[in-house]
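> Turn this into a model:
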Amino acid sequence: MLVGDDTDLTVVGAETTAEPGDVIQIYGTIQPDGTVAAERVVVSERTSLVQLYAVSIGALALTVVVFFRSWTVDRRRLTFVPREGDEDA
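Numbers count the residues shown, from 1 in each chain. As a prediction, the model looks like this:
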């Protein structure tokens with residue numbers, strides 16, 4: 001495991017490129033000279049990650065709205081209870 005902001009790491013055998021801000025995963029072997037012999041490199045582009053987070057936030061918001069349409073909070077007992085007259089819950 002490499003920790004720190006000033007860590008330099010040389011990867012050899014990678015046939016891919018990455019841009020600043022991209023997330024990379026490197027699968028390989030650390031060599032005696034301090035380089036990493038990459039067997040597999042996975043690059044997740046920054047724009048793809050932003051889209052992933054946006055979709056996840058939207059799905060979470062929709063889930064919360066649907067949940068609270070059928071359930072409410074009982075403040076005395078601090079629990080969720082079905083809404084009055086809702087036969088689906």
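> helices and strands of the protein: which one has the lowest mean pLDDT?
One helix or strand of the chain scores below all others by mean pLDDT, DSSP states H and E: strand 11-12, with a mean of 84.
> Now do that strand: distance to the chain's middle.
With Cα atoms, centre = their mean, to the nearest Å as the basis, strand 11-12 stands 26 Å off its chain's centre.
> Tally up the residues packed near the closest residue to Val42 other than its chain neighbours, please.
Closest residue to Val42 apart from its sequence neighbours, by Cβ to Cβ, 6 or more residues apart in numbering: Gln25 at 4.4 Å. Heads up, the C-betas are built off the backbone N, CA and C, glycines and all. Using other Cβ atoms under 10 Å, Gln25 has 9 neighbouring residues.
> before we move on, back to that, so what are the sheet partners of the least confident helix or strand of the chain and their directions?
Partners of strand 11-12 in the sheet, by DSSP bridges, are strand 36-44 (parallel).
> Now the host helix or strand of Thr63: buried residues?
Using DSSP states H and E, Thr63 sits in helix 46-70. By neighbour count on 16 or more other Cβ atoms under 10 Å, the buried set for helix 46-70 is empty.
> Now do the same for the helix or strand that comes right after that helix: mean pLDDT, whole number.
Once the chain leaves helix 46-70, the next helix or strand it forms, by DSSP H and E, is strand 71-74. For strand 71-74, the mean per-residue pLDDT is 93.
> immediately after strand 71-74, which helix or strand?
As assigned by DSSP H and E, the chain's next helix or strand after strand 71-74 is strand 79-82.
> Given that next one, what are its sheet partners and their directions?
Assessed with DSSP bridges, strand 79-82 is paired to strand 71-74 (antiparallel).
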